[in-house]
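Chemist: quick one, fold the following:
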Amino acid sequence: MNVARSFNNWRKYRQTVAELGRMSTRELNDLGIGRGDINAIARAAIAR
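Modeler: Just a heads-up that it's a prediction; the model follows:
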(Lines give C-alpha, C1' and ligand atoms only; values in the text may rest on other atoms or scores of the structure.)
Protein backbone atom coordinates (compact mmCIF):
# COMPACT_ATOMS: atom_id res chain seq x y z
CA MET A 1 0.00 0.00 0.00
CA ASN A 2 1.45 3.36 -0.91
CA VAL A 3 1.84 6.38 1.33
CA ALA A 4 -0.91 8.42 -0.31
CA ARG A 5 -3.45 5.61 0.05
CA SER A 6 -2.46 5.05 3.69
CA PHE A 7 -2.85 8.75 4.43
CA ASN A 8 -6.25 8.91 2.72
CA ASN A 9 -7.43 5.85 4.65
CA TRP A 10 -6.25 7.37 7.93
CA ARG A 11 -8.01 10.64 7.09
CA LYS A 12 -11.26 8.87 6.21
CA TYR A 13 -11.05 6.86 9.45
CA ARG A 14 -10.50 9.99 11.58
CA GLN A 15 -13.31 11.87 9.80
CA THR A 16 -15.75 9.02 10.38
CA VAL A 17 -14.80 8.76 14.07
CA ALA A 18 -15.15 12.53 14.48
CA GLU A 19 -18.54 12.73 12.75
CA LEU A 20 -20.02 9.84 14.70
CA GLY A 21 -18.43 11.11 17.91
CA ARG A 22 -20.24 14.44 17.55
CA MET A 23 -23.61 12.69 17.42
CA SER A 24 -25.65 12.25 20.57
CA THR A 25 -26.22 8.81 22.00
CA ARG A 26 -29.85 9.05 20.96
CA GLU A 27 -28.94 9.87 17.36
CA LEU A 28 -26.53 6.94 17.28
CA ASN A 29 -29.18 4.64 18.74
CA ASP A 30 -31.62 5.77 16.05
CA LEU A 31 -29.08 4.57 13.50
CA GLY A 32 -28.56 1.30 15.37
CA ILE A 33 -25.04 2.24 16.43
CA GLY A 34 -23.66 2.00 19.94
CA ARG A 35 -20.99 4.46 21.04
CA GLY A 36 -18.61 1.52 21.46
CA ASP A 37 -19.12 0.55 17.81
CA ILE A 38 -17.73 3.80 16.36
CA ASN A 39 -14.15 2.56 15.86
CA ALA A 40 -15.29 -0.66 14.20
CA ILE A 41 -17.60 1.27 11.87
CA ALA A 42 -14.79 3.67 10.98
CA ARG A 43 -12.48 0.73 10.18
CA ALA A 44 -15.20 -0.78 8.00
CA ALA A 45 -15.56 2.54 6.17
CA ILE A 46 -11.96 2.40 4.95
CA ALA A 47 -12.26 -1.24 3.93
CA ARG A 48 -14.69 -0.34 1.16
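Chemist: can we go C-alpha only for contacts and neighbour counts from here?
Modeler: Noted.
Chemist: let me see the contact set for the most centrally placed residue in the chain.
Modeler: The chain has residue 42 as the residue nearest its centroid, 2.5 Å off, counting by Cα atoms, centre = their mean. With contact set as Cα atoms under 8 Å, 6 or more residues apart in numbering, residue 42 has these partners: 12, 13, 14, 16, 17.
Chemist: among those, which lie within helices?
Modeler: 12, 13, 14, 16, 17 (DSSP state H).
Chemist: mind listing what's buried in the strand or helix carrying residue 21?
Modeler: According to DSSP states H and E, residue 21 maps onto helix 3-22. For helix 3-22, burial by neighbour count (16 or more other Cα atoms under 10 Å) applies to 9, 12, 13, 16, 17, 20.
Chemist: how about stretch 25-32: buried residues?
Modeler: Neighbour count says stretch 25-32 has residue 28 buried, by 16+ other Cα under 10 Å.
Chemist: now do that stretch: everything it contacts.
Modeler: 20, 34, 35.
Chemist: now for the last one, how many residues are close by?
Modeler: This means residue 35. For residue 35, the neighbour count with other Cα atoms under 10 Å is 15.
Chemist: got the contact list for it?
Modeler: 21, 25, 28.
Chemist: if you set the cut-off to 7 Å instead, what comes out?
Modeler: With contact taken as Cα atoms under 7 Å, 6 or more residues apart in numbering, residue 35 is in contact with residue 25.
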